[in-house]
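> Fold the following and give me the result.
(chains A, B, C and D)
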Number of protein chains: 2
Amino acid sequence: MAPRSNETKQRILDAAEKLFAKEGFAGVTVRQIMREAGADVALAYYHFDSKRDLFDAVLMRRADHMNDVRHAALDAVEQRHPDDAPSVQEIIEAFTQPLLKLLAEDHDTWRDYFALIAQINNSPQWGGELMTRFFDPLVRRFMDAIRRAMPEADDVDLFWCYHFLSGALTLTFAETGRIDNLSQGLCKSNDMSAISERLPGFIAAGFRRICDPA
Amino acid sequence: MAPRSNETKQRILDAAEKLFAKEGFAGVTVRQIMREAGADVALAYYHFDSKRDLFDAVLMRRADHMNDVRHAALDAVEQRHPDDAPSVQEIIEAFTQPLLKLLAEDHDTWRDYFALIAQINNSPQWGGELMTRFFDPLVRRFMDAIRRAMPEADDVDLFWCYHFLSGALTLTFAETGRIDNLSQGLCKSNDMSAISERLPGFIAAGFRRICDPA
DNA sequence: AGCCTAATTCAACGTCCGTTGAAACGCAAC
DNA sequence: GTTGCGTTTCAACGGACGTTGAATTAGGCT
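I've put the predicted structure just below:
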């Protein structure tokens, strides 16, 4: 048969991504996923070894591209500053804007994936391990850049500030609708440009306040 | 029989709190909960109507006290400033420190509950609705106080800044161990005094940067 | 036309799920 | 010491779970 298989595989991954993002790993049934994908249950086990394996495949599918755009943004910042150190805000923008731009420009493709990442990052059972596996190289590079921008900063301060940044970004990706309710429609969870305009400045000010009291 | 019942009920709630916090509503089985509580499965349905009802009871058990300590902290700030407006940082401290203090002083009691709240706040399926039900009155009061501290601020800016604050706090409560790995032991997820010393300053600087550029 | 292989369907397995009804227990009051 | 009631146990229900093996389909190759 022609490589129709890949088309089906992607449909399964799409369905799994959507459902896992909304209800979590345990909250979703393989049967639900395959109903959403419009395929027989057994096909899940032909294309993937197990439910857990399918979950990992969902995570891996977009991980490289996600990391690539962020590395590219950090590359660009460093090329812009061959001699001096970039500002804290520039570095934070390189860390956050590529993802916000993906979400803004292709929301349908990325919304569920980011919501899933957000859920994992916030989960006591998977947050510690999975996030470390996926994002440590990028985050270490980001931390190094920040360190060069604030040479006097204490490492403990830097890690905690990164933690606050990570939290703010995570809740953004979750798109829970909470801010819609709270603001009574004034703000929308999926308004990525509203975030883009505010998050880097907010976070950069926090970093400077804690790590660079000069 | 003597009111032994309440003791059992609390043991069930403790077990449910612990497991729901770690694995989420769907990731936990009533049988698991009752095994952890050391009681028969059927007792869950004698004391509560359903698994979902047990989940709600877990949430309700500590909700009032959680809100009380925060309202009291806001009361104290307002009494300290009968005529002028408190500073942004004072208000943010009233919003965050009561919870961080609960966690620091009685970690075993509150860790799982806060981790559960964090999970819910970050969840697309429950975050919007449950958080609104639980926390809206307090958050609105907090927003009003902030508004008085920065009368020129735009409401949209304020809501987004609150969103960043909520995210940073939420990831803190999740205690995922991520920062332990990233910092290679330099920082601990459960070090609430490290958070207490940094979070309010970080967030206050962000608020001022976005909402009060003067 | 006939074969090979990859893709898909179908039916089922053993297990565990949330939930329930009826029976047994233990203490207080009479 | 019997009655009564709140609590706890036991055994089971129908259904859904993750997973599998065998049968079926659909092209690409000779």
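
> I'd like to know how many residues surround residue A:26.
16 (other CB atoms under 10 Å in any protein chain shown). From N, CA and C alone the C-beta is placed, and that goes for glycine too.

> what do you get for residue A:54?
23.

> ok, it - contacts?
By CB atoms under 8 Å, 6 or more residues apart in numbering or on different chains, residue A:54 lies in contact with A:12-13, A:16, A:30, A:33, A:44, A:48.

> Make JSON lines out of those residues and add secondary structure and pLDDT.
Output for the contacts of residue A:54, formatted as JSON lines (DSSP: H, G, I helix; E, B strand; the rest coil; pLDDT from 0 to 100):
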{"residue": "A:12", "secondary structure": "helix", "pLDDT": "97"}
{"residue": "A:13", "secondary structure": "helix", "pLDDT": "97"}
{"residue": "A:16", "secondary structure": "helix", "pLDDT": "98"}
{"residue": "A:30", "secondary structure": "helix", "pLDDT": "98"}
{"residue": "A:33", "secondary structure": "helix", "pLDDT": "98"}
{"residue": "A:44", "secondary structure": "helix", "pLDDT": "96"}
{"residue": "A:48", "secondary structure": "coil", "pLDDT": "96"}
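
> neighbour-wise, which of the residues you listed leads?
residue A:16 (28 neighbours).

> DNA strand D versus that one, what's the distance?
Residue A:16 sits at a distance of 11 Å from DNA strand D (criterion: CB to the nearest atom of the strand, to the nearest Å).

> ok, now residue A:49?
7 Å.

> Now do the contacts for residue A:134.
Shown in contact with residue A:134 (CB under 8 Å, 6+ apart): A:59, A:63, A:67.

> what helix or strand does it sit in?
Taking DSSP states H and E as the criterion, residue A:134 maps to helix A:127-149.

> That helix - what's its average pLDDT?
Per-residue pLDDT over helix A:127-149 has a mean of 92.

> ok, so what distance separates the residue most central in space within chain A from chain B?
The centroid of chain A falls nearest to residue A:114 when counting by CA atoms, centre = their mean (4.9 Å). In this view, residue A:114 and chain B are 11 Å apart by CB to the nearest CB, to the nearest Å.

> surely that residue meets residue A:103?
Yes: the pair residue A:114 / residue A:103 is scored as a contact, 6.3 Å apart, by CB atoms under 8 Å.

> ok, the residue nearest to the centre of chain A to residue A:147 distance?
27 Å (CB to CB, to the nearest Å).

> now residue A:184
42 Å.

> For the helix or strand harbouring the residue nearest to the centre of chain A, buried residues please.
Assigned by DSSP H and E, residue A:114 belongs to helix A:107-121. By neighbour count on 16 or more other CB atoms under 10 Å in any protein chain shown, the buried set for helix A:107-121 is A:110-121.

> Relative to DNA strand C, which of those residues is nearest.
When the buried residues of helix A:107-121 are compared for distance to DNA strand C (CB to the nearest atom of the strand), residue A:119 wins out at 19.6 Å.

> Is it correct that the closest one is in contact with residue A:174?
Yes: counting by CB under 8 Å, residue A:119 does reach residue A:174; the two are 6.8 Å apart.

> if we can go back for a sec, check which helices and strands the helix holding residue A:114 sits against.
helix A:4-23, helix A:51-80, helix A:88-105, helix A:127-149, helix A:155-174 (3 or more CB pairs under 8 Å, 6 or more residues apart in numbering or on different chains; DSSP states H and E).

> The same query, at a cut-off of 10 Å, please.
helix A:4-23, helix A:51-80, helix A:88-105, helix A:127-149, helix A:155-174, helix A:192-211, helix B:155-174 (3 or more CB pairs under 10 Å, 6 or more residues apart in numbering or on different chains; DSSP states H and E).

> Buried among the contacts of residue A:134? Make that a ChimeraX selection.
Selection of buried members from those for ChimeraX, criterion 16+ other CB under 10 Å:
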select /A:59
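
> can you list the weak-confidence ranges in chain A?
For chain A, residues meeting the criterion pLDDT under 70 lie at A:1-5, A:214.

> Any idea how many residues pack against the nearest residue to residue A:104 once chain neighbours are set aside?
What sits nearest to residue A:104 in space, not counting adjacent residues and going by CB to CB, 6 or more residues apart in numbering or on different chains, is residue A:192, at 4.0 Å. Residue A:192 has 24 neighbouring residues, counting by other CB under 10 Å.

> my guess is the residue nearest to the centre of chain A meets residue A:195, correct?
No: judged on CB atoms under 10 Å, residue A:114 makes no contact with residue A:195 at a distance of 11.8 Å.

> Mutual contacts of those two, please.
Shared contacts of residue A:114 and residue A:195, defined by CB atoms under 10 Å, 6 or more residues apart in numbering or on different chains, comprise A:100, A:103, A:169, A:172-173.

> quick check, nearest of the residues you listed to DNA strand C?
Nearest to DNA strand C among the shared contacts of residue A:114 and residue A:195, with distances taken as CB to the nearest atom of the strand, is residue A:173, at 28.2 Å.

> Phi, psi for residue A:25 please.
When read as degrees, to the nearest 10, the backbone of residue A:25 gives phi -60, psi -50.

> hmm, I was thinking of residue A:36
According to degrees, to the nearest 10, residue A:36 has phi -60, psi -40.

> How about it: what's its closest non-neighbour residue?
Nearest residue to residue A:36, sequence neighbours excluded (CB to CB, 6+ apart): residue A:15, at 3.8 Å.
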